[in-house]
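Novice: need coordinates for the following:
(one chain, ligands or ions: 2)
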Amino acid sequence: MFRNFKMVSRVVFGRGSFNQLDEILAVKRANSETVMVFLVDDVFESSALRERIPVKANDLLLWVKVDDEPKTKYVDELCRRVQKEMESVADSLPGGIIGIGGGSAMDLAKAVSLMLTNPGSSADYQGWDLIQKPALYHAGVPTLSGTGAEVSRTTVLTGPDKKLGINSDYTTFDQLVLDPELLDGAPTDQYFYTGMDCYIHCVESLTGTYLNSFSQTYGEKAIELCREVFLGDPPGRADKLRDDKLMMASYCGGMSIVYSQVGICHALSYGLSYILGLHHGIGNCVAFDYLEAYYPEGVREFRLMMSRHDIQLPRNLMADVNEAQLEKMIDVALVLEPLWENALGANWKQIMTRAKIKELYQRM
Ligand code: NAD
Ligand code: ZN
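Specialist: Ligands and ions are numbered 1, 2, ... in the order given. Predicted structure coming up:
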């Protein structure tokens, strides 16, 4: 069965395109009472961007915390806040949800747009195609590039017993505003880690058993752009065109994995994040550095990129991890069966044992 996947319906790209957000939302406002909910990474609370967010009198602007990656509990809490605010409004649902920030803020926006129309807790929907009703209109505005969250059909959430996305056709954004200027203030290390998420998406997609021409086309373009950004001379961020390229790399890298899958690095990174709270980008970098046996060329090039950008990864992460936590990390990684199958083929269970995963984690 071939995947008939849902793509983002509308995309605007370009430096300064954020200024068009007001106009884009105007057509989604049924009347002057329509409430738009902006979920914005709180890193922008005291930035110049704040004044540029097109918030109208009735709208709701919620600053979201992303110190921890999105949790189902936090999504439920945000939904309750929106619902409470909407009690006094005749039309009890907002006209749309707009997520502004990195992968975390965008995922929160996706999840809230789903959970305002579907009953229960977001934890009930972690998995594949469990969502029954369409989401509210939702738009994404990335301020970091690499995750591909802007194009994916998932919102990655940490729940009471697993880290797993709400994967559904309804999850995909209706609108994207891709404005490379918004990457300007991103801290250099974070820019690198999130950028490497894209690079690793490409390596895992391009070397995976699920590869097909669709994924390959996007993956090859994205990896080429990553090389221009992270191996270009001189290293650094003075050349602003690199932000444009990274934004498009993230988009294409995301499109590549939509029709294939990620692999071992992502599976291990989910375990790291579940127990140690490591964010996705840095968790991927930590894990990828130990995967030379599986992705020899990718890891070699990744190390070159790290040295070019003077990145020091955290080490000895397992020092305070007890046996039960280590076993839980392995469980979290193993839930992600399609990732292992993509990386190692149909008989991956014979190749990748719990003992091998444990050994990989213990080296980190
Ligand atoms: P992030 O959103 O977690 O943000 C990392 C840090 O950068 C935060 O402190 C944030 O405040 C800050 N930041 C973001 N933009 C900034 C800017 N322009 N200037 C200054 N600071 C800025 O980072 P990320 O790597 O983009 O996203 C990781 C998240 O994305 C994880 O929660 C992960 O699970 C999720 N993810 C989702 C998908 C998907 O398909 N839905 C794919 C991969 C990862
Ligand atoms: Zn990723």
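Novice: now the stretch 201-350 of the chain against ligand 1: closest residue?
Specialist: Of all residues in the stretch 201-350 of the chain, the one sitting closest to ligand 1 is residue 280 (3.6 Å; Cβ to the nearest ligand atom). Every residue, glycine included, has its C-beta placed from N, CA and C.
Novice: so residue 139, which state does it fall into?
Specialist: strand (DSSP: H, G, I helix; E, B strand; the rest coil).
Novice: need the nearest residue in space to it, chain neighbours excluded.
Specialist: Among residues not flanking residue 139 along the chain, residue 175 sits closest, at 3.9 Å (Cβ to Cβ, 6 or more residues apart in numbering).
Novice: domains in this protein, by residue range?
Specialist: 10-183, 188-363 (automatic domain parsing).
Novice: endpoints of the longest one, how far apart?
Specialist: Same thing as domain 188-363. 27 Å (Cα to Cα, to the nearest Å).
Novice: and for stretch 171-180?
Specialist: Start-to-end, stretch 171-180 (Cα to Cα) is 23 Å.
Novice: how about the residues of the stretch 151-300 of the chain near ligand 1?
Specialist: 152, 154-156, 182-183, 185-187, 190, 194, 197, 279-281 (Cβ under 6 Å from any ligand atom).
Novice: right, and the domains of the chain - which one's nearest residue 2?
Specialist: domain 188-363 (9.2 Å; Cβ to Cβ).
Novice: got a list of contacts for stretch 70-85?
Specialist: Applying Cβ atoms under 8 Å, 6 or more residues apart in numbering, the external contacts of stretch 70-85 come out as 35, 37, 39, 60, 62, 64-65, 68, 92, 94, 104, 107-108, 111-112, 115-116, 121-123, 126, 155-160.
Novice: dump the domains of the chain to JSON lines, plus mean neighbour count and mean pLDDT.
Specialist: Shown next, in JSON lines, are the domains of the chain (neighbours: other Cβ atoms under 10 Å; pLDDT from 0 to 100):
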{"stretch": "domain 10-183", "mean neighbour count": "19", "mean pLDDT": "96"}
{"stretch": "domain 188-363", "mean neighbour count": "19", "mean pLDDT": "97"}
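Novice: could you dump the ones you listed to a markdown table with distance to residue 4?
Specialist: Formatted as a markdown table, those follow (distance: least, Cβ to Cβ, whole Å):
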| stretch | distance to residue 4 |
| --- | --- |
| domain 10-183 | 9 |
| domain 188-363 | 11 |
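Novice: which stretches of the stretch 1-150 of the chain form helices?
Specialist: 21-26, 49-52, 72-86, 103-115 (DSSP state H, counting those that start in this stretch).
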